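Novice: Return a 3D structure for these sequence lines:
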Amino acid sequence: MRHWTVSFLVLGIFAVSVQAQTPANFTNTLMPQPEHLSVEAGELQLTPAFTAVTDRFRDARLDEAIGRTLVRLQFQTGLQIATAPARGSAGTLTVTVDGPGETVQSLDEDESYSLEVAGNGAHLQAATDVGAMRGLETFLQLVQAGGSGFFLPGMSIHDTPRFRWRGLMVDCSRHFEPVEVIKRTLDGMAAVKLNVFHWHLTDDQGFRIESKIFPKLTGMGSDGLFYTQEEAREIVIYARARGIRVVPEFDIPGHAQSWFVGYPELASGPGPYSIEREFGIFDPVMDPTRRSTYEFIDRFLGEMAGIFPDPYMHIGGDENNGVQWSHNPRIQEFMKAHNLKDTAALQTYFNQQLLPILKKHGKHMVGWDEIFAPGLPKDVVIQSWQGFDSLAASARQGYQGILSAGFYLDFTDEHYLVDPIPAGSDLTPAQRALILGGEACLWAEHNVPSNIDSRLWPRTAAIAERLWSPQNVNNLDDMYRRLRVESLRLEDLGLRHLSAEDLGLRQLAGTADIGPLRTLASVIEPVRWQVQGKLQHTTQLTPMDHLVDALIPDPPSRHDMQVLVREYLAHRDAETRDRLDAIFASWIEAGPQAQKLMAASPIMMDEAPRAQQVVELGTTGRQALAYLDKHEAAPPGWTQSKLTLIDQAEKPVGLVRFTMLQPLRDLVKAVQN
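Specialist: Residues are numbered from 1 along each chain as shown. All right, here's what the predicted structure looks like:
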């Protein structure tokens, strides 16, 4: 994460809890946490003589995975080591794999591994090369720096994921993301052991995958921004090399306006149609009463099945308001003739016709909550954005499911405390087994290539841990401590979630001297995306070049301030007090200069009042500390006036909000009146 001047101030307050025998030079920064970990005696020193060997199964995919690991190890340590694996029985790292795994990776792929590290070498053992990939990521996370160089602590790890489906959905329809963005996203996913890339390729705002059978889908419905079939195959290959499945989503029957631009005969209304620039729920929907609709879908999905080998295909199925169906007399007559009482029943009819088409092409259907209705065949997977109760209801009726409610990328602490099977759930063991896992979701109303990384990372790593690690790995403070380290590792992979903010701030300010603006940015973040959409009335044509677009969601200051204030109020120690005072002083100093930079930039003028407010908030913090230090009561009315000030700072200003108001409020309330 960004703003290390502030963030490093709190690194020392977190306790590391691994095991009592943890050596002083080992700090557990693994993410996700392994299922079983024990720290052993000794250290494996890394030297230029480091080698990696395979001693059993070997193929090109495993060699490439080991090779990537060695290149990263070389970059991480600066050591000139051999970056190609060798064959043999003696190496610094020995990789023992039983076999290649499945040709087309499935839910049942064995991703477990064991990793033993001792002073004389390391041994990674896995049933498949996918398991070996997971272990190699853990191996890299164990590397630490010491006075005599880099080393790995003695360690014994036995690890297997809690859930089989650990996904990330990226919407590339509302705003298109280039191939290089997708590839670095896959690199990040592999680093935190996610295994499903859910690729949202079609929606009202754009059709993003080339069809050679129906060329007008992209010819008229994409603005020229789409993935060729060759690029899509390249992404599938790239993902498989990292143990990641690619599940494409083609949203039907609603959210399908981009289909109708070139092929209006698919729609339930006469048109004409154009690419939708607004965001929301719209009336256009496929006509489920025409045989020609299913013939078109059959040919299209057959073409896509040749590109995407995964056994699952997502059909969307969400947010169909039924308006076109209700206003079409012919469709109403069809519903009466088939005893379909409402549009929900008609959508179930649509899905019933769609399912054999998918089966014909070797695919299982996945869809959002709305497809769950009486009469839906049981071999459909329900992806829930409506919550665990909805997911549990489908599990009770025998449907497999995936949780996404709570994993929409907004705030890390909320994500981390969400669980696909909450503790205390009354689901039976058989019903729990139907819940395959979960997916983080990144919808693209406010995401473009310049800021998508900061919307995805490092928060997705917290969700990845929730889906991989045991349920009792849930310490929020420790997660943030490890997330801070993982964030740096992800940037080393080529992700830009850290560097993008400074780039955006420099562009906004028109200068490289952005220190004061960076201090302000450290304690503000974008408003929630729903609020941003309402205030900004965001459309596909809205420029994403404002302060709200540059800022990092959930910056370190939110949790840092919570912890510091909590620690100070509990112990009143001088060290924590000084850290808080230094932070408040930095706000006071930076405010006027940040305000000057913002006043000179028309794009930032709306948010300029935040610079004055941060001075007032910093002053409030220092005053509170002074009263608490001296055990003095504040003058009459002081507490209420400062709480009113904080309440004012909580109100919308532009499209950004403060991150640290609640802990500051707690500090003020602690002052005696």
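Novice: just the strands in the stretch 201-350 of the chain please.
Specialist: Secondary structure of the stretch 201-350 of the chain, counting by DSSP state E, counting those that start in this stretch: strands at 206-207, 245-252, 312-316.
Novice: ok, which stretches of the stretch 101-250 of the chain are helices?
Specialist: Assigned by DSSP state H, counting those that start in this stretch, the stretch 101-250 of the chain shows helices spanning 129-142, 179-191, 216-221, 229-240.
Novice: Let's have these in JSON lines, adding mean neighbour count, mean pLDDT and distance to residue 326.
Specialist: C-beta here means a position set from N, CA and C on the backbone, and glycine is covered the same way. Listed next are the helices of the stretch 101-250 of the chain as JSON lines, based on neighbours: other CB atoms under 10 Å; pLDDT from 0 to 100; distance: least, CB to CB, whole Å:
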{"stretch": "helix 129-142", "mean neighbour count": "24", "mean pLDDT": "98", "distance to residue 326": "48"}
{"stretch": "helix 179-191", "mean neighbour count": "20", "mean pLDDT": "98", "distance to residue 326": "38"}
{"stretch": "helix 216-221", "mean neighbour count": "20", "mean pLDDT": "98", "distance to residue 326": "25"}
{"stretch": "helix 229-240", "mean neighbour count": "17", "mean pLDDT": "98", "distance to residue 326": "36"}
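Novice: coming back round to it: can you check which of the strands of the stretch 201-350 of the chain gets nearest to residue 545?
Specialist: Nearest to residue 545 among these is strand 206-207 (20.2 Å), distances taken as CB to CB.
Novice: And the closest one, what does it pack against?
Specialist: For strand 206-207, the packing partners by 3 or more CB pairs under 8 Å, 6 or more residues apart in numbering; DSSP states H and E come out as helix 216-221, helix 257-262.
Novice: again, only this time at 6 Å
Specialist: Strand 206-207 sits against helix 216-221, with contacts defined as 3 or more CB pairs under 6 Å, 6 or more residues apart in numbering; DSSP states H and E.
Novice: how far out from the middle of the chain is the helix it packs on?
Specialist: Relative to its parent chain, helix 216-221 has a centroid offset of 30 Å by CA atoms, centre = their mean, to the nearest Å.
Novice: what comes into contact with that helix?
Specialist: When contacts are defined by CB atoms under 6 Å, 6 or more residues apart in numbering, helix 216-221 is touched by residues 207, 210, 211, 226, 258, 261, 262.
Novice: switch to 8 Å and redo it
Specialist: For helix 216-221, the external contacting residues (CB atoms under 8 Å, 6 or more residues apart in numbering) are 206-211, 224, 226, 258-259, 261-263, 275, 300.
Novice: ok, now stretch 460-472?
Specialist: The contact list for stretch 460-472 (CB under 8 Å, 6+ apart) reads 31-35, 161-163, 165-166, 168, 188-189, 191-194, 407, 409, 412, 415-416, 418-421, 423, 437-438, 440, 473, 479, 483, 486-487, 490.
Novice: rerun at 7 Å
Specialist: The contact list for stretch 460-472 (CB atoms under 7 Å, 6 or more residues apart in numbering) reads 31-33, 35, 161-163, 166, 168, 192-194, 407, 409, 412, 415-416, 418-419, 423, 437-438, 440, 473, 479, 483, 486.
Novice: same thing with stretch 318-327?
Specialist: With contact meaning CB under 7 Å, 6+ apart, stretch 318-327 is reached by 253-255, 268-269, 281, 283-285, 331, 343, 346-347, 368, 370.
Novice: Just the ones of those residues in helices?
Specialist: Among the contacts of stretch 318-327, the members falling in helices (DSSP state H) are 331, 343, 346, 347.
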